[in-house]
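**Q** curious how this folds, go ahead:
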Amino acid sequence: MSWLEHSVMARKGVAKGKAGERHSLSIAEQGAFHYVYGPFVEPTLRVAPGAIVTIETHDAFEGKITGETDKPSEKLNFPFLNPQSGPIHVEGAEKGDALAVRILSITPRGPQPVGTTCLIPEFGGLVGTGSTAMLTAPLPEVVKKIRVDEAGVHWSDTLTLPYEPFIGTIGTSPEIEAISSLQPDYYGGNMDMPDVAPGAIIYLPVHTEGGYLYLGDCHAIQGDGELCGVALEIPATVELQIDLIKGHGNGWPHLETEEMMMFIGSARPLEDATRIAYRELVRWVAEQTGQSETDAYMLLTMCGKVRLGNMVDPKYSVGASIAKRYLTGAADA
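**A** Numbering: from 1, shown residues only. I've put the predicted structure just below:
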């Protein structure tokens, strides 16, 4: 029996995790991309719970960096970065619910070399930025274009990295704010969490009617922290299965795989993002196992794991997780 049959999506979803009608959202069908998460636009697509949606996304630069001689400072118009596909309206979604988004596949699209990474002035984890102001001069602008296919990330003639794709930016609309797609927060957004990958289900809190699911900024591979600020950005074709959980109640994104459950917090400083993620996980473990929050707190002190999503965006993102094998029998301790 597949783990999916025991997932939160299958147990609590309106569609019970069953596949529904198929839809597509191509670049042409999308039309204008969005650079904020908010409720003040018409949805690009309307679907029922259970829908399978195939979506074409742009890279974080909307394809404007085309060669290694390009200078990001000349090609890019901040803050118009991280173009988002959607929003997708899910029938029946209301404030207090959650969207369950199962990631089925992520495939690079477009002419090779399809991957882009670069150094952008005053952006990254080891340089002075507008928020961490320094007198030191910015690093030189460098662009690297890389061939990417499902066989790997062809860094050089002698080194091929694994193809480990994920969705860098995915989330639902805030209730009233319109927030930059560069920023992660309670609704999801630019979390840059490598676990948001094929095979995983991400649960996103709903704050407005229809949920309004946005996504984009796919990566072919990324190390923890997205150190220089730009992972291997790719345009992609993404296939998702979208379900709806009524009255879900969790206020922050969380993610489920066959092996673990993770909650994702976003804040500055980094330790506050970690505290958010662990607080939500402690409460979830206590609820699921029937033990007290204090016992769950101590249990996670023994076996919790932390994953750094990004340390470069306006807020940092951290995932706190527990292996599912530790949940069985935890209440008997």
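**Q** let me know how buried residue 109 is, in neighbour terms.
**A** 16 (other CB atoms under 10 Å). C-beta: built from backbone N, CA, C; applies to glycine.
**Q** wait, doesn't it sit right on residue 237?
**A** Yes. Using CB atoms under 8 Å, residue 109 is in contact with residue 237, at 5.0 Å.
**Q** what is in contact with those two at once?
**A** The contact sets of residue 109 and residue 237 overlap at residue 56 (CB atoms under 8 Å, 6 or more residues apart in numbering).
**Q** which SSE is residue 298 in?
**A** Using DSSP states H and E, residue 298 sits within helix 293-303.
**Q** what comes up buried for the next helix or strand after that helix?
**A** Counting by DSSP H and E, the element after helix 293-303 in chain order, helix or strand, is strand 305-310. Under the neighbour-count criterion of 16 or more other CB atoms under 10 Å, strand 305-310 has 307, 308, 309, 310 buried.
**Q** same check, this time on stretch 177-192
**A** Applying 16+ other CB under 10 Å to stretch 177-192 flags 179-192 as buried.
**Q** make a markdown table out of these and add pLDDT, secondary structure and distance to residue 144.
**A** Listed next are the buried residues of stretch 177-192 as a markdown table, based on pLDDT from 0 to 100; DSSP: H, G, I helix; E, B strand; the rest coil; distance: CB to CB, whole Å:
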| residue | pLDDT | secondary structure | distance to residue 144 |
| --- | --- | --- | --- |
| 179 | 97 | strand | 30 |
| 180 | 97 | strand | 26 |
| 181 | 97 | coil | 24 |
| 182 | 96 | coil | 21 |
| 183 | 96 | coil | 26 |
| 184 | 97 | strand | 25 |
| 185 | 97 | strand | 30 |
| 186 | 97 | coil | 34 |
| 187 | 98 | coil | 32 |
| 188 | 98 | strand | 28 |
| 189 | 98 | strand | 26 |
| 190 | 98 | coil | 21 |
| 191 | 98 | coil | 24 |
| 192 | 98 | coil | 18 |
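**Q** ok, those vs residue 257, which is closest?
**A** residue 191 (15.6 Å; CB to CB).
**Q** which stretch of helix or strand covers the spatially closest residue to residue 93 that is not a sequence neighbour?
**A** Leaving aside its sequence neighbours, residue 93 sits nearest to residue 211 (CB to CB, 6 or more residues apart in numbering; 3.8 Å). Using DSSP H and E, residue 211 sits in no helix or strand.
**Q** residue 211 and residue 150: what is the separation?
**A** Distance of residue 211 to residue 150, given as CB to CB, to the nearest Å: 30 Å.
**Q** same question, residue 36
**A** 32 Å.
**Q** buried sites along the helix holding residue 298?
**A** So for helix 293-303, counting by 16+ other CB under 10 Å, buried means 295, 296, 297, 299, 300.
**Q** of all the buried residues of stretch 177-192, which comes closest to residue 220?
**A** The closest of the buried residues of stretch 177-192 to residue 220 turns out to be residue 192 (CB to CB; 13.0 Å).
**Q** now the strands for the stretch 101-250 of the chain?
**A** Ranges of strands in the stretch 101-250 of the chain, per DSSP state E, counting those that start in this stretch, are 115-119, 142-149, 152-154, 160-161, 166-171, 179-180, 184-185, 188-189, 201-205, 213-219, 236-245.
**Q** gap between the last one and the chain center?
**A** Between the centre of strand 236-245 and the centre of its host chain there is 12 Å, according to CA atoms, centre = their mean, to the nearest Å.
**Q** show me what that strand is packed up against.
**A** helix 8-12, strand 51-57, strand 85-90, strand 98-108, strand 213-219 (3 or more CB pairs under 8 Å, 6 or more residues apart in numbering; DSSP states H and E).
**Q** about what we covered before: who's more crowded, residue 36 and residue 150?
**A** residue 36 (20 against 11).
**Q** ok, that one - contacts?
**A** Contacts of residue 36 by CB under 8 Å, 6+ apart are 178, 179, 180, 181.
**Q** not counting sequence-adjacent ones, nearest residue to the second one?
**A** Among residues not flanking residue 179 along the chain, residue 37 sits closest, at 5.1 Å (CB to CB, 6+ apart).
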